[in-house]
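> Sequence and predicted model, in that order:
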Amino acid sequence: MILLYCLSIFFSLSPFLPATEHPHWFFRTADFVRLQSIVIQLILLILLVVFINDYTVFNCIVLGSIVASMLYQLAKVYPYSSLYPRKKPDFPSDGMVSILAGNILQTNTEYDKFIEEVQKFDPDIVLTMESNKEWEKNLNRLEPTYSHSVKVANEEFYGMHVYSKIPLKNSKINFFIEDNVPSIFFEVSVNEKENIFFACLHPAPPSPTENETSKERDAELMIVGKKIRELKKPVVVCGDMNDVVWSRVTRLFKKMSGMIDPRIGRGFFPTYHAGYWFMRFPLDHLFHTKDLFVGKMIRTKTFGSDHFAMYYEIYHKKKAKIQGKTKLNGDEREEIEEKIEDGKS
């Protein structure tokens, strides 16, 4: 029973660690494993009910704490489940662009499997992350169909490549925070009048093996969010964000940029880890402004990477008006600037 009590107390308290806003990976991990910890909490709750014979004050506090913690976590993740009510996107559209985006894992050598997924979905744009020179050599097989490209190969697990059937306008490679972590910006025409601005990101995660804290990742998201806030055009942000959608940082990013998560009401679409079904997290995202909507949204088959890729069909709403951005309060503006300064320092 002592072990059961210890586990119950730990799993009652640990879900609240991200609320401290401490950037160390230990405090952020609870955000990533919310789905798994809800299952563990349910198991612990059942065991407590079975084995507790005397409902003392202490036992009631332990039971109440684990129930409260479960409800707290369910409130965070429920909007991203397929049970959450949503209106299906059926707006009139005057143009569509599709993208297949995936972290291919630099050490993965199953090039043919990934190219088969590209050929299966036949997207307008292909985005790869962790693509090095060897991957670039193999991805060049796409060029007869995808004649427009932006290539940033590196051997430090942060290479990024974009291949497109559509001309890429105003393409730009950025290194906002770290010299080896690029992002790629570009625009594509969705119809004769409108261009969609794409921001492709892969910030470094907080982890024991990479960045000790989330400061660099958080700063990059805030910098890109500020950039988007200034734009007066349709915008898509896509990539391996190394963060879950219910975290405070990602929610702040969506609020400041005025973007929508098409995952809401459709399901979790966990993309990592592809090799372990019981330890999967939704780390690969696409967000879009309100003048766009997503039709098809499909997770690919495995292709040797530790991530699944995602395929999206992005439609421009006919006669869409530019939406004003959500107002930020003083504390939120201060938090954004602090995160940027912390990441840069």
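Structure's in. What do you need?
> could you point out the longest strand in this protein?
Longest strand in the chain by number of residues, with DSSP state E as the criterion: strand 93-103.
> Buried residues, it. List them.
Applying a neighbour-count criterion of 16 or more other CB atoms under 10 Å, the buried positions in strand 93-103 are Ser93, Gly95, Met96, Val97, Ser98, Ile99, Leu100, Ala101, Gly102, Asn103. To be clear about C-beta, it is placed using only N, CA and C from the backbone, and glycine gets the same treatment.
> who's the first one bridged to?
If I follow you right, that is Ser93. Partner residues in beta bridges with Ser93, using DSSP bridges, are Lys317.
> any idea of the pLDDT on it?
According to the per-residue confidence, Ser93 scores 93 in pLDDT.
> shouldn't it be in contact with Lys318?
Yes - proximity of Ser93 to Lys318 meets the contact threshold set by CB atoms under 8 Å, at 5.8 Å.
> Name the surrounding residues that touch the longest helix along the chain.
With secondary structure taken from DSSP state H, the chain has its longest helix at helix 57-77. Counting contacts by CB atoms under 8 Å, 6 or more residues apart in numbering, the residues outside helix 57-77 that touch it are 5, 8-9, 11-13, 15-16, 34-35, 37-38, 41-42, 44-45, 48-49, 52, 246, 268.
> Filter these down to the buried ones and express that as a PyMOL selection.
Selection of the buried residues among the contacts of helix 57-77 in PyMOL, burial being defined by 16+ other CB under 10 Å:
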select buried, resi 8+11+12+15+34+35+37+38+41+44+45+48+52+246+268
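> So, low pLDDT: which residues of the stretch 201-345 of the chain?
Scanning the stretch 201-345 of the chain for pLDDT under 70 picks out the ranges 323-324.
> Run through the strands of it in chain order.
All strands of the stretch 201-345 of the chain, identified by DSSP state E, counting those that start in this stretch, fall at 235-240, 284-288, 292-299, 310-317.
> As TSV, these with distance to Val152 and mean neighbour count would be great.
As requested, these are exported to TSV (distance: least, CB to CB, whole Å; neighbours: other CB atoms under 10 Å):
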stretch	distance to Val152	mean neighbour count
strand 235-240	13	23
strand 284-288	18	24
strand 292-299	25	18
strand 310-317	20	22
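> now those strands in a markdown table, with distance to Ala75?
Rendered in a markdown table, the data for the strands of the stretch 201-345 of the chain read as follows (distance: least, CB to CB, whole Å):
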| stretch | distance to Ala75 |
| --- | --- |
| strand 235-240 | 25 |
| strand 284-288 | 20 |
| strand 292-299 | 24 |
| strand 310-317 | 25 |
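> what's the closest of these to Glu130?
Closest approach to Glu130 among the strands of the stretch 201-345 of the chain is made by strand 235-240 (8.2 Å; CB to CB).
> neighbouring strands for that closest one, and are they parallel or not?
Using DSSP bridges, the neighbouring strands of strand 235-240 in the sheet come out as strand 195-201 (parallel), strand 284-288 (antiparallel).
> Turn those strands into JSON lines, including distance to Glu332.
Converted to JSON lines, the strands paired with strand 235-240 look like this (distance: least, CB to CB, whole Å):
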{"stretch": "strand 195-201", "distance to Glu332": "20"}
{"stretch": "strand 284-288", "distance to Glu332": "18"}
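> so which strand or helix has Lys120?
helix 111-121 (DSSP states H and E).
> which strands and helices sit next to that helix?
Using 3 or more CB pairs under 8 Å, 6 or more residues apart in numbering; DSSP states H and E as the contact criterion, the neighbours of helix 111-121 among helices and strands are strand 93-103, helix 133-139.
> Following the shortest one in sequence, what is the next regular element?
The one in question is helix 133-139. Scanning the chain past helix 133-139 towards its C-terminal end, the next helix or strand to appear is strand 148-152 (assignment: DSSP H and E).
> Now do the contacts for Phe121.
Counting by CB under 8 Å, 6+ apart, Phe121 makes contact with Ser98, Leu100, Ile298, Thr300, Tyr311.
> Relative to Thr109, which of those is nearest.
For the contacts of Phe121, the residue nearest Thr109 by CB to CB is Thr300; the value is 17.7 Å.
> is it true that that closest one touches Gly102?
Yes - because the distance of 6.9 Å satisfies CB under 8 Å, Thr300 is recorded as touching Gly102.
> residue ranges with poor pLDDT in the stretch 1-150 of the chain?
Low-confidence regions of the stretch 1-150 of the chain, defined by pLDDT under 70, are absent; no residue qualifies.
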